[in-house]
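# Take a look and give me a structure for this.
(chains A and B)
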Number of protein chains: 2
Amino acid sequence: MKLATLRSESPDGQLVIVSRDLQRMAPADDLYPNLQSALDNWPVAEPQLRSRFDVLNAGATRAAEAFDAARAMAPLPRSYQWLDGSAFQSHGDLMSKVFGLDNPQTDRPLMYQGMSHEFLAGGADVALPAEEDGIDFEGEFAVITDHVPMAVSVAAAASHIRLVVQINDWSLRTLAPVEMKTGFGWVQAKPACSMAPIALTPDELGAAWDQGRVALPLHVWWNERKFGAANGSAMAFSFPQLVAHAAHTRRLCAGTIIGSGTVSNEHFRDIGSSCIAERRAIELLDNGAARTSYMRFGDTVRMQARAVDDSTPFGEIRQRVVALRADAASLKVG
Amino acid sequence: MKLATLRSESPDGQLVIVSRDLQRMAPADDLYPNLQSALDNWPVAEPQLRSRFDVLNAGATRAAEAFDAARAMAPLPRSYQWLDGSAFQSHGDLMSKVFGLDNPQTDRPLMYQGMSHEFLAGGADVALPAEEDGIDFEGEFAVITDHVPMAVSVAAAASHIRLVVQINDWSLRTLAPVEMKTGFGWVQAKPACSMAPIALTPDELGAAWDQGRVALPLHVWWNERKFGAANGSAMAFSFPQLVAHAAHTRRLCAGTIIGSGTVSNEHFRDIGSSCIAERRAIELLDNGAARTSYMRFGDTVRMQARAVDDSTPFGEIRQRVVALRADAASLKVG
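Residues are numbered from 1 along each chain as shown, chains lettered A, B, ... in the order given. A predicted model of the protein is given here:
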């Protein structure tokens, strides 16, 4: 099943069901006004929504209309909790290199709590205060849970993974090592993330939902030049392991989003990267100095996971970074 | 103005206005069902609620009834954002000592993003999985903002501080240094916080709202033995500075909670502490070894800020830690 959220008067938007081929959509807000309310009631909501999804795919929905990604918000435009892992070993190794930090010595998943009250649309411009902050994209996958009990087992955690999404975790690289050195994690270095338009149930990935990982390449273009296509299968910890880690001493609310961290593969020289900082680390390794600069205002980034049939299950992230203007600094609702 | 939230069918509870002496309350949910909705509309909501507060204090409210703190949830039982600072220098110094970590060298505020989807009531039992995790309380003050624009100035940030609250930031000290060393901040080491029953507007503190700080002693008892009475005036950064720090690269949503970190004073040997880890650090300094253990299941903690007239503006936090039972592990709504 595939779901999306259209802009509406509400900050939570309006829930729609999207056909498997992303061509058509049907309203679902008569059942659940938004995705959060569906997640709050998932055991009941899921079969209701799925039955409508089946009818939509069969072409038998009178209320269906063309799905226009330009009308989409993030599937969850706000959430009470975003916990981002860093589950790709090659990403961690390269980050330690580029920032001159010790690679955290741990056999536990790495995870931080990030800003969750605003997830930008996959097509939204991203307004930030300063190029000097070192503006970088980070291509990731993430899962969305329903209610998860505290101290859940890994096996039980798997059953609470209800949806999978594709995320651009915007990062400010000048600020990141300063905050990381405090041990407190990132606040200023992690502005609002963005989300591709489609949230899907794991079964939609077929064999590409493999051992609790998204086994698909994440294609990334920076200013329309190909930048990378790392595969999500290389996570050192699976999503069920990340969910269980997150829930060790807290209950997770429905709508909790758990991220993979930047998708990265060991053969990064062949396959490219999902963030600029990795490329800088590789330059540092190969040439002793990083040459590639971070993003400039006006730069674009595009990200799409691709299935074996070349379809894009999550749709696409396509964003431009722009200078923050005073009149755009306030939180726009809806 | 003083506000509280009563348990109801909704996870956000039911908004009530509480008299200055905490003796009586009047319904406010006909105006705004809960505190979040009032904060979403604060410029309009504030005068409406304040006018009702004035009538309640004058004893002229027919719908008034006795305020029973046992019926109260946290004033904000859930929030989209909790950013906790660590603004007391003596606390930072002692924490570095007890955990054997370098004191973060920074002239910037220290801040992490914490779990915000569940704030426990000030009178709630706190269920945690294991004594071995090093269960500790942390007495703090915090402010609640309305919408704050990105890159706000410190002066403008002050005008977005709408409410002040008193928090117990539960911490698991065995897990904390492990997570801190990763640089990612805390996830497992920071379970749900608790909040005293009353949220108040800064003017209610009178002269004790001083330079953007709560200049009141926070009295703490562990198992009913006095543990400390550190004063909130000693913050190295004011709340407006913390709000501006938080908003540097993000808009803050209405209902964002910004914490002071553990209240701590330089003369900790005379005045005591607001968490056990500080006492352990002092023992380490004085005797070469920490003797005081962390909390055991069944232990209680009580916290109350006291005004010059000995009143308790926020009411009281009075909690007991208990072992997590499987049937209590799930998120209870309401």
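# the strands in the stretch 1-150 of chain A, which residues?
Applying DSSP state E, counting those that start in this stretch to the stretch 1-150 of chain A gives strands spanning A:2-6, A:14-18, A:24-27, A:65-66, A:82-85, A:111-114, A:120-121, A:126-128, A:135-136, A:139-145.
# Let me have these in CSV, adding mean neighbour count as columns.
Every residue, glycine included, has its C-beta placed from N, CA and C. Listed next are those as CSV, based on neighbours: other CB atoms under 10 Å in any protein chain shown:
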stretch, mean neighbour count
strand A:2-6, 25
strand A:14-18, 24
strand A:24-27, 19
strand A:65-66, 10
strand A:82-85, 26
strand A:111-114, 26
strand A:120-121, 22
strand A:126-128, 21
strand A:135-136, 24
strand A:139-145, 26
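# and residue A:95, which of the ones you listed is closest to it?
Across the strands of the stretch 1-150 of chain A, residue A:95 has its closest neighbour in strand A:135-136 (10.9 Å, CB to CB).
# And for the host helix or strand of residue A:230, what's in contact with it?
Here residue A:230 sits within strand A:225-231, counting by DSSP states H and E. With contact meaning CB atoms under 8 Å, 6 or more residues apart in numbering or on different chains, strand A:225-231 is reached by A:88, A:139, A:215-221, A:263-265, A:268, A:271-274, A:279.
# Could you pull up the mean pLDDT of the helix or strand following that strand?
The C-terminal neighbour of strand A:225-231 among helices and strands, as given by DSSP H and E, is helix A:239-246. What helix A:239-246 shows for mean pLDDT is 98.
# Report all helices and strands that the next helix or strand after helix A:239-246 contacts.
Counting by DSSP H and E, the next helix or strand C-terminal to helix A:239-246 is strand A:257-259. For strand A:257-259, the elements it packs on are strand A:82-85, strand A:139-145, strand A:161-168, helix A:239-246, judged by 3 or more CB pairs under 8 Å, 6 or more residues apart in numbering or on different chains; DSSP states H and E.
# Mind jotting down where the helices sit in chain A?
A:35-40, A:42-57, A:89-99, A:154-158, A:176-181, A:239-246, A:268-271, A:276-287 (DSSP state H).
# related to what we said a few turns ago, got the angle for the strand holding residue A:230 vs strand A:139-145?
Inter-element angle recorded for strand A:225-231 and strand A:139-145: 50 degrees (by axes from the mean of the first three to the mean of the last three CA atoms, to 10 degrees).
# which ones are touching the residue nearest to residue A:229 when sequence neighbours are not counted?
Residue nearest to residue A:229 in three dimensions, not counting chain neighbours: residue A:217, with 4.3 Å by CB to CB, 6 or more residues apart in numbering or on different chains. Residue A:217 sits next to A:229, A:230, A:231, A:232, A:305, A:306 when contact means CB under 8 Å, 6+ apart.
# Give me the distance between residue A:217 and residue A:315.
Plainly put, residue A:217 is 16 Å away from residue A:315 if you go by CB to CB, to the nearest Å.
# re the thing from before, need the per-residue pLDDT for the residue nearest to residue A:229.
Among the per-residue scores, residue A:217 holds a pLDDT of 98.
# Residue A:332 too?
Note on residue A:332: pLDDT of 46.
# got it, and residue A:324?
What the model reports for residue A:324 is a pLDDT of 94.
# Against residue A:137, how distant is it?
Here the distance between residue A:324 and residue A:137 works out to 17 Å (CB to CB).
# before we move on, what about residue A:22?
Using CB to CB, residue A:22 is found at 22 Å from residue A:137.
# likewise residue A:318?
The value you get for residue A:318 to residue A:137, if CB to CB is used, is 11 Å.
# Among those two, which residue is more densely surrounded?
Taking other CB atoms under 10 Å in any protein chain shown, residue A:318 and residue A:137 do not tie; residue A:137 has more neighbours (29 against 19).
# now that one, nearest residue through space, not along the chain?
Closest to residue A:137 by CB to CB, 6+ apart is residue A:301, at 4.5 Å.
# Enumerate every residue touching that neighbour.
Neighbours of residue A:301 in contact, by CB under 8 Å, 6+ apart: A:137, A:168, A:220, A:221, A:222, A:295, A:317, A:318, A:319, A:321.
# what do you get for residue A:62?
Shown in contact with residue A:62 (CB under 8 Å, 6+ apart): no residues.
# where's it relative to residue A:18, distance?
Computed with CB to CB, the distance linking residue A:62 and residue A:18 is 17 Å.
# for residue A:315, same thing?
Counting by CB to CB, the gap from residue A:315 to residue A:18 is 9 Å.
# okay, and the common contacts of these two?
In terms of CB under 8 Å, 6+ apart, residue A:315 and residue A:18 are both contacted by the residues residue A:198.
# beta partners of the closest residue to residue A:246 other than its chain neighbours?
Of all residues not flanking residue A:246 in the chain, residue A:83 sits nearest, at 4.8 Å (CB to CB, 6+ apart). With DSSP bridges as the criterion, residue A:83 is bridged to residue A:113, residue A:258.
# Tell me, how many residues neighbour the residue in chain A that chain B sits nearest to?
Nearest to chain B, among the residues of chain A, is residue A:185, at 2.4 Å (CB to the nearest CB). Using other CB under 10 Å, residue A:185 is surrounded by 26 other residues.
# Might one say that it is in contact with residue B:114?
No - checked against CB atoms under 8 Å, the pair residue A:185 and residue B:114 is beyond contact range at 9.7 Å.
# hey, what's in contact with both of the two?
A:113, B:186.
# so what's the nearest residue to residue A:280 once chain neighbours are set aside up against?
Counting by CB to CB, 6+ apart, residue A:280 lies nearest to residue A:290, which is 3.6 Å off, once chain neighbours are set aside. Residue A:290 makes contact with A:98, A:280, A:281, A:283, A:284, according to CB under 8 Å, 6+ apart.
# Kindly report the same for residue A:71.
Residues in contact with residue A:71 (CB under 8 Å, 6+ apart) are A:6, A:7.
# returning to what we had before: among the contacts of residue A:290, give me the pair with the biggest separation.
Farthest pair in the contacts of residue A:290 (CB to CB) is A:98 and A:283. Separation: 8.9 Å.
# Compare these two and say which one has the larger neighbour count.
residue A:98 (21 against 15).
# pretty sure that one contacts residue A:275?
No - look at residue A:98 against residue A:275 with CB under 8 Å: they stay out of range, at 10.1 Å.
# separation between the nearest residue in space to residue A:185 that is not next to it in sequence and residue B:179?
In space, and not counting its chain neighbours, residue A:185 is closest to residue B:185: 2.4 Å by CB to CB, 6+ apart. Counting by CB to CB, the gap from residue B:185 to residue B:179 is 7 Å.
# ok, now residue A:64?
For residue A:64, the distance to residue B:179 - CB to CB - is 48 Å.
# what comes up buried for stretch A:279-296?
Using 16 or more other CB atoms under 10 Å in any protein chain shown as the test for burial, stretch A:279-296 gives A:279, A:280, A:281, A:282, A:284, A:290, A:294, A:295.
# what's the answer for stretch A:67-77, then?
Neighbour-count burial for stretch A:67-77 flags A:67, A:69, A:71, A:72, A:73, A:74, A:75, A:76, A:77 (criterion: 16+ other CB under 10 Å).
# do the same with stretch A:25-42
In stretch A:25-42, counting by 16+ other CB under 10 Å, buried: A:25-29, A:31-40, A:42.
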